[in-house]
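Engineer: Task: produce atomic coordinates for the following.
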Amino acid sequence: MATTPGLGGGGSVGVAFETTMGTYEAPDVFVPILSESLEYTEDKYLSEQIRQQSIHTEAKPSYYHVEGDIELEVDPNNILYFLYATRHTPTKTGVGPFTYKFVPNSAGTGATAAGPTTSKTLSITIVRNGEVFGYTGCVLSGFEFSVNTDTGILMATLNIMGLAEGEEADPTEVWIAPVLYGADAHRIYLDAAGATPAFAGGVDVNHNGFTFGVNFNPTAENRVRSDRSASYIAYHITEGTVSADIDFLTRDDYDNFVSTNKRAIRMESLNGGATLAAATDGVRLQANNYFFNSYAAPLEGMGDLVAADTEGRMLGITGGDAYEVHVKSAVAIT
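Structural biologist: Next up is the predicted model:
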């Protein structure tokens, strides 16, 4: 137990795949983060017995679950663990470095199964000023990858939802050198919508920032049993978005917005090499079928650039996937 206030920099976050959903596993890998907000979430029951007083008369524990966000710099050494805890079908190819591909599926709940081609649930261990919190049955309720417009660094915000929390043993942290994607790592490509867009038109250089987001709209479900923690996490409608400020040069994208024309976009962040296949490691975020759901290009001021503030919505497509997330990494998920 700490005797003095501590700084966030003295904390740590570790993750591990669970063998049994909701059963705690000590960390296998420690993840450098920028911030986290995981918390025990409960609406306690307050009794409104009428006893000649207009005030609650008793409180009882109620159902609870875990939720919060983790913000981090995208690193191929650890982002894989979180992507495995999503509503995706993963595949793994190559002999090292490996290429992992995640595409959406219609699973109704988070689950844990062995092997590199199945989704997982996570145990997340967080040390805050010497106190250890173990969060179990964790999945991503959504995520957002963004190229920071000020620094050019690829960042991610991971929305976490889990079943339970408990006090666990203090882990022994082990850290490895970071792999980050800076301002010279990113390339954006555009194409017409399709099951397998070619993106043969060259690099687009007119995007100011880029945000790729997915929301699985989950709920923590409770069932009658002798346990207050959530029974499972249920997924609902998947929503995918692509947002960016784009230099306003022609009416083409505005006309696409008005006509609800579909198109495809790919953003790659690479460590060496001109393609994901040639790179040492990298991340590819790709929407195969999306449309502009909003588009505005106002004159904001005399000295301001004319730019379009856009948000696109992803759609399913016959013979393919609405979107794909690829990670090339030396990490071997088995």
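Engineer: Of all residues in this structure, which one is nearest the centre?
Structural biologist: Phe143 (2.5 Å; CA atoms, centre = their mean).
Engineer: Check the secondary structure at that residue for me.
Structural biologist: Classification of Phe143 using DSSP: H, G, I helix; E, B strand; the rest coil returns strand.
Engineer: per-residue pLDDT, it?
Structural biologist: Listed pLDDT for Phe143 reads 98.
Engineer: ok, now which ones touch it?
Structural biologist: Shown here is Phe143, whose contacts under the criterion CB atoms under 8 Å, 6 or more residues apart in numbering are 82, 86, 156-159, 213-214. Using the backbone N, CA and C atoms, a C-beta is placed for each residue, glycine as well.
Engineer: How about the longest helix belonging to the chain, which residues are buried there?
Structural biologist: Ranked by residue count under DSSP state H, the longest helix found in the chain is helix 252-259. Buried positions in helix 252-259, judged by neighbour count with 16 or more other CB atoms under 10 Å: 253-254, 256-257.
Engineer: What separation do you get for the residue nearest to the centre of the chain and Arg263?
Structural biologist: 22 Å (CB to CB, to the nearest Å).
Engineer: before we move on, back to that, put together CSV for the buried residues of helix 252-259, with distance to Trp175 and pLDDT on each row.
Structural biologist: Shown next, in CSV, are the buried residues of helix 252-259 (distance: CB to CB, whole Å; pLDDT from 0 to 100):
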residue, distance to Trp175, pLDDT
Asp253, 43, 95
Tyr254, 48, 96
Asn256, 46, 96
Phe257, 45, 96
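Engineer: how about the strands in the stretch 51-200 of the chain?
Structural biologist: 58-60, 64-73, 88-93, 98-104, 122-128, 131-147, 154-162, 164-167, 186-192 (DSSP state E, counting those that start in this stretch).
Engineer: Kindly report the same for the stretch 201-334 of the chain.
Structural biologist: 203-204, 207-215, 219-221, 232-234, 239-247, 263-271, 281-296, 307-314, 323-329.
Engineer: Which residues are in contact with the closest residue to Pro90 other than its chain neighbours?
Structural biologist: Among residues not flanking Pro90 along the chain, Phe102 sits closest, at 5.2 Å (CB to CB, 6 or more residues apart in numbering). By CB under 8 Å, 6+ apart, the residues touching Phe102 are 83, 86, 88-90, 324-327.
Engineer: hmm, 7 Å instead?
Structural biologist: 83, 86, 88, 90, 325 (CB atoms under 7 Å, 6 or more residues apart in numbering).
Engineer: what's the answer for Ala16, then?
Structural biologist: Residues near Ala16 by CB under 7 Å, 6+ apart: 25-28, 122-123.
Engineer: who wins for most neighbours among those residues?
Structural biologist: Counting neighbours by other CB atoms under 10 Å, Leu122 leads the contacts of Ala16 with 26 neighbours.
Engineer: and the residue nearest to that residue when sequence neighbours are not counted, how many residues sit next to it?
Structural biologist: For Leu122, ignoring the flanking residues on the chain, the nearest one in space by CB to CB, 6+ apart is Cys138 at 4.3 Å. By other CB under 10 Å, the residues close to Cys138 number 29.
Engineer: Would you quantify the distance from Cys138 to Phe82?
Structural biologist: Distance of Cys138 to Phe82, computed by CB to CB: 9 Å.
Engineer: One more: Ala2?
Structural biologist: To Phe82, Ala2 is 28 Å away according to CB to CB.
Engineer: How about Phe133?
Structural biologist: Applying CB to CB to Phe133 and Phe82 gives a distance of 18 Å.
Engineer: Who has more neighbours out of the two?
Structural biologist: Set Phe133 next to Phe82 and count neighbours by other CB under 10 Å: Phe82 wins out with 22 against 17.
Engineer: Does the more buried one touch Leu140 like I think?
Structural biologist: Yes. In this structure, Phe82 is within contact of Leu140 by CB atoms under 7 Å, at 6.0 Å.
Engineer: what bits of the stretch 1-150 of the chain have low per-residue confidence?
Structural biologist: Scanning the stretch 1-150 of the chain with the threshold set as pLDDT under 70 gives 1.
Engineer: could you redo the last one with a cut-off of 80?
Structural biologist: 1-3 (pLDDT under 80).
Engineer: before we move on, back to that, name the member of the contacts of Phe102 with the most neighbours.
Structural biologist: Thr86 (26 neighbours).
Engineer: Distance of that residue relative to Phe216?
Structural biologist: 7 Å.
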